[in-house]
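In: Got a predicted structure plus its sequence, pasted below:
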Amino acid sequence: MDWTVVSRNMDFLLGGLGVTFQLAAISLAGGVLFGILLGLARISSKRCISCPATLYIHFFRSQPLILVIFWFYFFVPVLFGKPMGTFISAVIGFIAFEAAYFAEIIRGGIQSIPKGQVLAAYSTGMKYHQVMRYIVLPQALKNMLPALMTQSIVLFQDTSLAYVIGLREFLRRISLVDSREVRSIELYFFAALVYLVICLSMSLLVRRFEHKAHQSV
């Protein structure tokens with residue numbers, strides 16, 4: 001066992017971890033924003049809006065993420081008419097996929113708000129966008145925060161799937177070092193430890209929010 005293989009390649013590996021965090025952060029932000037729009041469209045009373053959103057959500061929720069990554073990796077260059085980097089392709093694929101899951105979380109959060117509050121807001125003369133902005137979404141986001149954070153943990157773990165299109169994120173760099181150093185046990189154990197520490201920390205944060213939410217009820 002030679003654990004110095006980790007220290008010798010630490011800068012290279014940490015660079016990959018930085019890529020992983022960037023991919024997760026951008027995908028999370030884009031997925032939540034797009035998910036809010038999809039969630040609102042899903043509960044719209046207009047079928048021309050709700051039906052496409054529902055089809056989108058069901059379609060992407062029925063596909064494996066790795067397949068979606070491949071789709072966008074090959075489709076994005078065709079769409080833009082020029083080659084795109086693996087990072088951009090991965091980001092677009094993750095946002096498109098995760099938005100479907102965030103949309104369902106957001107839909108559930110919005111529907112958890114008592115209808116009486118919505119009707120009371122309308123009775124004061126507020127418009128739909130005002131009701132959503134000032135009454136519904138602030139409360140809904142608080143209710144769905146634990147679920148959003150749990151999905152964020154899943155998203156962080158799933159970033160390792162970008163490995164299949166050659167993106168040099170953390171796990172890909174672990175593999176590259178292993179192909180040179182031939183120290184699979186040490187390297188992949190280190191990778192598992194890194195994911196454990198990060199995901200466990202996020203899980204504890206989720207539990208803390210759930211505890212606070214339970215106390216406030």
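Out: Done, it's in.
In: chain center to stretch 192-209: distance?
Out: Here stretch 192-209 is found 15 Å from its chain centre; the criterion is CA atoms, centre = their mean, to the nearest Å.
In: After the helix or strand of the chain with the lowest mean pLDDT, which helix or strand is next?
Out: Sorted by mean pLDDT, DSSP states H and E, the helices and strands of the chain end with helix 128-130, the least confident at a mean of 82. Moving toward the C-terminus from helix 128-130, the next helix or strand (DSSP states H and E) is helix 137-158.
In: May I see the buried residues of that following helix?
Out: Buried residues in helix 137-158, counted by 16 or more other CB atoms under 10 Å: 137, 140, 143-153, 155-156, 158. Glycine gets a C-beta too; all of them are placed from N, C-alpha and C.
In: which outside residues touch the next helix or strand after it?
Out: Reading on from helix 137-158 to the C-terminus, the next helix or strand found by DSSP H and E is helix 170-181. Applying CB atoms under 8 Å, 6 or more residues apart in numbering, the contact partners of helix 170-181 are 5, 9, 12-13, 15-17, 19-20, 160, 162-163, 166, 168, 183-184, 187-188, 190-191, 194.
In: how about 10 Å then?
Out: Defining contact as CB atoms under 10 Å, 6 or more residues apart in numbering, one finds that helix 170-181 is touched by 2, 4-6, 8-9, 12-21, 23, 86, 159-168, 183-188, 190-192, 194-195, 198.
In: What of stretch 109-121?
Out: With CB under 10 Å, 6+ apart as the criterion, stretch 109-121 contacts 36, 39-40, 42-43, 126-128, 130-132, 134-145, 147-148.
In: circling back: give me the contact list for the least confident helix or strand of the chain.
Out: So helix 128-130 is contacted by 40, 44, 118, 121-122, 124, 136 (CB under 10 Å, 6+ apart).
In: do stretch 48-60 as well
Out: Contacts for stretch 48-60 (CB under 10 Å, 6+ apart): 34-35, 37-44, 47, 68, 96-104, 107.
In: mind running it again at 6 Å?
Out: With CB atoms under 6 Å, 6 or more residues apart in numbering as the test, stretch 48-60 has contacts from 38, 41-42, 44, 97, 100, 103.
In: of all the residues you listed, which two lie farthest apart?
Out: Using CB to CB, the contacts of stretch 48-60 span at most 22.2 Å, a distance reached by Ser44 and Phe97.
In: With neighbour numbers in mind, choose between the two.
Out: Per other CB atoms under 10 Å, whichever of Ser44 and Phe97 has more neighbours is Phe97, with 23 against 15.
In: show me where pLDDT drops low in this protein?
Out: Applying pLDDT under 70 to the chain picks out residues 210, 213-217.
In: Redo the contacts of stretch 48-60 as CSV? Include distance to Leu79.
Out: Output for these, formatted as CSV (distance: CB to CB, whole Å):
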residue, distance to Leu79
Leu38, 20
Ala41, 22
Arg42, 25
Ser44, 27
Phe97, 16
Ala100, 19
Ala103, 22
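In: Tell me which other helices or strands the helix or strand that Leu200 is a member of touches.
Out: Per DSSP H and E: Leu200 is located in helix 184-216. In terms of contacts (3 or more CB pairs under 6 Å, 6 or more residues apart in numbering; DSSP states H and E), helix 184-216 is packed against helix 137-158, helix 170-181.
In: mind checking which of those helices is nearest Gly30?
Out: Closest approach to Gly30 among the helices and strands packed on helix 184-216 (CB to CB): helix 137-158, 10.8 Å.
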